[in-house]
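Peer 1: sequence and computational prediction follow.
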Amino acid sequence: MHKNAGEDAMLDVVVAGGGYVGLGVAVAIKQAAPHMEVQVIEAAPDDVWKKDMRASAIIAAAARMLEVFGIWNELEPEAQPIRKMIVTDSKTSDPVRPVFLTFDGDVAEGQPFAHMIPNVAMVGALRGACERLGVTIRHGLKVSGFDAGPQSNRVTLSDGSSFETRLLVACDGVRSALRSMAGIKTVEWKYDQSGIVTTVEHERPHDGCAEEHFLPSGPFAILPLKGNRSSLVWTERTVDADRLVASDDLVFEEELERRFGHKLGPVRPVGPRRAFPLGLTLARAFVAPRLALAGDAAHGIHPISGQGLNLGFKDVAALAETIVDADRLGLDIGSLNVLERYQSWRRFDTVRMGITTDVLNRLFSNDVAPIRIARDFGLGIVDRIPRLKTYFIGQAAGTADPNGPRLLAGQPL
């Protein structure tokens with residue numbers, strides 16, 4: 001393929017979106033097929049990613065893929081293993097929060113089911129891998145249009161330039177413009193909830209323990225970070241979340257302490273606080289002629305399970321394997337026949353996870369007494385059956401599927 005990126009250049013794969021998923025797709029394909037020309041188009045300026053103070057949970061299967069990429073050694077010093085998880089169900093005002101369910105955090109000896117990694121470290125490592133592999137990242141540009149033909153996809157950028165590519169991958173977020181341009185419909189609804197995300201510091205160590213407190217307004221998740229710090233994903237009704245984010249520090253800290261509790265000593269926010277509206281969005285199709293959706297462009301789910309980013313990494317592994325295998329067989333990587341393998345691989349798992357998070361959110365985000373009694377009884381049963389707990393941990397870690405993509409098993413393409 002032509003090496004230049006100017007007018008009328010032909011590329012193999014163009015990825016729209018330079019977040020985790022877009023960069024992951026680019027790295028996975030280029031590493032396994034160095035002869036392919038891969039380019040990332042990112043709308044944000046070059047240094048915006050360095051200002052993201054959030055952190056994300058990376059499951060064991062995704063960590064295996066990052067190890068194949070050759071960046072896990074770079075990330076591991078920044079990664080906080082999740083060694084244990086506890087689940088409580090109570091009212092905000094309850095002085096004691098009974099623990100209904102506990103999980104030990106290892107899927108194998110010395111292998112935690114998840115790690116918390118700062119977003120800056122993750123994006124930086126993936127960008128470094130792109131640079132080493134020869135993937136071009138073009139900043140400050142959007143895909144303003146495309147025209148899929150029988151042999152290639154004509155892509156036009158916001159600066160007026162255009163080029164041909166065999167495949168366009170949309171990783172441009174839950175409100176994907178490319179998905180809309182392709183005429184792909186979605187199933188979606190809003191929860192009238194927002195997730196407040198911030199980082200806190202506390203006096204005592206967390207010992208790698210994550211906590212999920214089910215409160216009437218929604219789950220309050222405490223996720224351990226390096227040092228005596230934790231990342232919060234705090235679900236509230238949207239009107240209350242907006243009020244809390246806009247409140248002064250004293251009010252915010254008082255409300256935070258009511259939910260966080262005192263087991264780790266005094267707690268105070270140390271990062272910016274932002275609220276994100278929550279909903280469920282599932283694309284009716286993941287592919288179109290010479291187009292594949294991945295990450296939030298294909299699915300946006302409630303954060304109650306902490307699986308949103310990891311669903312995107314599963315897309316990365318499945319899409320890269322589909323494309324690389326097809327290329328080695330001499331097939332057209334942008335044809336619907338090829339892309340259908342990716343769609344069939346990922347759609348069922350995504351719909352299942354979307355339904356699961358929706359049901360869990362509706363089941364736990366209320367204070368109806370009979371429902372509370374039933375759900376707490378169910379949690380108690382799970383807590384008493386080791387095999388069931390092992391199954392759930394395997395599912396959460398992404399290690400339970402023997403027919404999953406090779407990258408998620410730590411096997412190179």
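Peer 2: On my side now, so go ahead.

Peer 1: C-alpha only now, for contacts and for neighbours.
Peer 2: Will do.

Peer 1: quick one: mean pLDDT for the host helix or strand of Gln193?
Peer 2: If you go by DSSP states H and E, Gln193 is part of strand 186-202. On average, the pLDDT along strand 186-202 is 94.

Peer 1: so which elements touch it?
Peer 2: Applying 3 or more Cα pairs under 8 Å, 6 or more residues apart in numbering; DSSP states H and E, one finds that strand 186-202 contacts strand 229-237, helix 238-246, strand 267-269, strand 274-283.

Peer 1: how about these in CSV, adding mean pLDDT, distance to Ser162 and mean neighbour count?
Peer 2: As requested, these are exported to CSV (pLDDT from 0 to 100; distance: least, Cα to Cα, whole Å; neighbours: other Cα atoms under 10 Å):
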stretch, mean pLDDT, distance to Ser162, mean neighbour count
strand 229-237, 95, 41, 24
helix 238-246, 96, 41, 17
strand 267-269, 94, 46, 20
strand 274-283, 95, 27, 19
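
Peer 1: quick one: closest of those to Phe163.
Peer 2: Of all the helices and strands packed on strand 186-202, strand 274-283 sits nearest to Phe163, with 26.7 Å by Cα to Cα.

Peer 1: isn't Thr199 right next to Ser231, touching?
Peer 2: Yes - taking Cα atoms under 8 Å as the definition, Thr199 is a contact partner of Ser231 at 4.5 Å.

Peer 1: now Asp10: closest residue in space, sequence neighbours ignored.
Peer 2: That one is not Asp; residue 10 is Met. Counting by Cα to Cα, 6 or more residues apart in numbering, Met10 lies nearest to Glu164, which is 4.7 Å off, once chain neighbours are set aside.

Peer 1: burial count for that neighbour?
Peer 2: Residues near Glu164, counting by other Cα atoms under 10 Å, number 25.

Peer 1: go on, Ala396?
Peer 2: Residues within reach of Ala396, counting by other Cα under 10 Å, total 20.

Peer 1: that one: what secondary structure?
Peer 2: Look at Ala396: counting by DSSP: H, G, I helix; E, B strand; the rest coil, its state is helix.

Peer 1: so it sits against Phe113, correct?
Peer 2: Yes - between Ala396 and Phe113 a contact is recorded at 7.4 Å, counting by Cα under 8 Å.

Peer 1: overlap of the contact sets of these two?
Peer 2: Contact criterion Cα atoms under 8 Å, 6 or more residues apart in numbering; residues shared by Ala396 and Phe113: Ile59.

Peer 1: apart from its chain neighbours, what residue comes closest to Ala320?
Peer 2: Nearest residue to Ala320, sequence neighbours excluded (Cα to Cα, 6+ apart): Ile29, at 5.4 Å.
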